[in-house]
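**Student:** prediction below, plus the sequence it came from.
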Amino acid sequence: MPRDPNDRRFPNRTMDKYLASFSSSNPITGPMLVTTSPRASCPLTCPLKGTDCYAEHGFLGGFIWSGLDAHYPGESFSSGIRVYNFDQLLRIISSLAPGAPWRHNQAGDLIADRNGNIDSTKLRLLAWANRGKLGITYTHHDVLNNAHNRRVIQEAIADGFTVNLSADSIEEADAFLDLDIAPVAVIIEGNCRENFFTPKGRKVVICPARTRDGVTCSTCRLCARNRNVVVGLPKL
């Protein structure tokens, strides 16, 4: 018999739990709300899943992400890092000041079922909690072959929650833009610092937080726009 993913003997299998850093010390995001979802939320379709993912390394992967996986909502670890359930996460987002930027999922992805279909109810509620704020996230969930995911992402963006499609090549970035459903970010080599163009002529702007002193996600906000240019994210 398959194990119940909510069985308390297996905390790493429970996906309805989150971390919230209310004023992140991350030098790239800057001082804003940053959330984390469990490893189990990351889709199997993500080619970075495992050791190639930046979130698997350093303090974030070795401590923060692992601590979330090992605990349940209502519990804390490391003297005060609290694990929240989804309703608590919504209240945290709703309580942000109007116009406040925030980043969903510095690690982890949007919650989906076993077939890779993004949970439409959870995404809709996130978008509603975000109304009047500048929430952003990135997703590796399949959109090229999954009409459901395309639809729910479009709905979230229409409600003001910016879901960036994460491409793993400039060719894939072009394919995502051809769908005309969401803004696109693409992973590029870490030493790339100059803007360039995709094979189809779309401009790729290197993440300003990686190329300009004093710029962070909280001040730049390029990824919070429903834009035509691709944001290039150098590998960490």
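**Tutor:** Received it, and whenever you're ready, just let me know what you need. Quick caveat: nothing in here was measured; it's all calculated off a predicted structure.
**Student:** shaky segments in the protein?
**Tutor:** 1-14 (pLDDT under 70).
**Student:** ok but Ala185 is inside a strand, no?
**Tutor:** Yes - judged by DSSP: H, G, I helix; E, B strand; the rest coil, Ala185 forms part of a strand.
**Student:** which strands or helices does the lengthiest helix in the chain pack on?
**Tutor:** Secondary structure of the chain per DSSP state H: the longest helix is helix 147-158. Judged by 3 or more CB pairs under 8 Å, 6 or more residues apart in numbering; DSSP states H and E, the packing partners of helix 147-158 are helix 120-129, strand 162-167. Glycine gets a C-beta too; all of them are placed from N, C-alpha and C.
**Student:** include mean neighbour count and distance to Leu177 when you put the ones you listed into TSV, please.
**Tutor:** Listed next are the helices and strands packed on helix 147-158 as TSV, based on neighbours: other CB atoms under 10 Å; distance: least, CB to CB, whole Å:
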stretch	mean neighbour count	distance to Leu177
helix 120-129	18	21
strand 162-167	24	9
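**Student:** first-to-last residue distance for stretch 97-113?
**Tutor:** End-to-end span of stretch 97-113 (CA to CA, to the nearest Å): 32 Å.
**Student:** so which bits of it are buried?
**Tutor:** 100-112 (16 or more other CB atoms under 10 Å).
**Student:** buried residues in the longest helix of the chain?
**Tutor:** Those would be His148, Asn149, Arg150, Val152, Ile153, Gln154, Ala156, Ile157, for helix 147-158 by 16+ other CB under 10 Å.
**Student:** could you do stretch 218-234 as well?
**Tutor:** Ser218, Cys220, Leu222, Cys223, Ala224, Val230, Val231, Gly232, Leu233.
**Student:** just the residues contacting stretch 16-29, thanks.
**Tutor:** Stretch 16-29 is contacted by residues 6, 30-38, 64, 67-68, 71-73, 81-86, 88-89, 92, 103, 106, 111, 207, 209-210, 216-218 when judged by CB atoms under 8 Å, 6 or more residues apart in numbering.
**Student:** now it: buried residues?
**Tutor:** Here stretch 16-29 shows Asp16, Lys17, Tyr18, Leu19, Ala20, Ser21, Ser24, Asn26, Ile28, Thr29 as buried, counting by 16+ other CB under 10 Å.
**Student:** those: which two are farthest apart?
**Tutor:** The most widely separated members of the buried residues of stretch 16-29, counting by CB to CB, are Asp16 and Ile28 (27.3 Å).
**Student:** what number of residues lie near Pro47?
**Tutor:** 12 (other CB atoms under 10 Å).
**Student:** which residues sit in contact with Phe77?
**Tutor:** Phe77 neighbours (CB under 8 Å, 6+ apart): Gly67, Ala70, His71, Val83.
**Student:** can you pull the contacts of Thr198?
**Tutor:** Ile170, Glu171, Ala173, Asp174, Leu177, Val204, Val230.
**Student:** now, which of the residues you listed lie within strands?
**Tutor:** Secondary structure from DSSP state E places Val204, Val230 of those in strands.
**Student:** quick one: buried ones out of the contacts of Thr198?
**Tutor:** Applying 16+ other CB under 10 Å to those flags Ile170, Ala173, Asp174, Leu177, Val204, Val230 as buried.
**Student:** can you lay out those residues as JSON lines showing distance to His141?
**Tutor:** Formatted as JSON lines, those follow (distance: CB to CB, whole Å):
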{"residue": "Ile170", "distance to His141": "20"}
{"residue": "Ala173", "distance to His141": "16"}
{"residue": "Asp174", "distance to His141": "19"}
{"residue": "Leu177", "distance to His141": "17"}
{"residue": "Val204", "distance to His141": "22"}
{"residue": "Val230", "distance to His141": "18"}
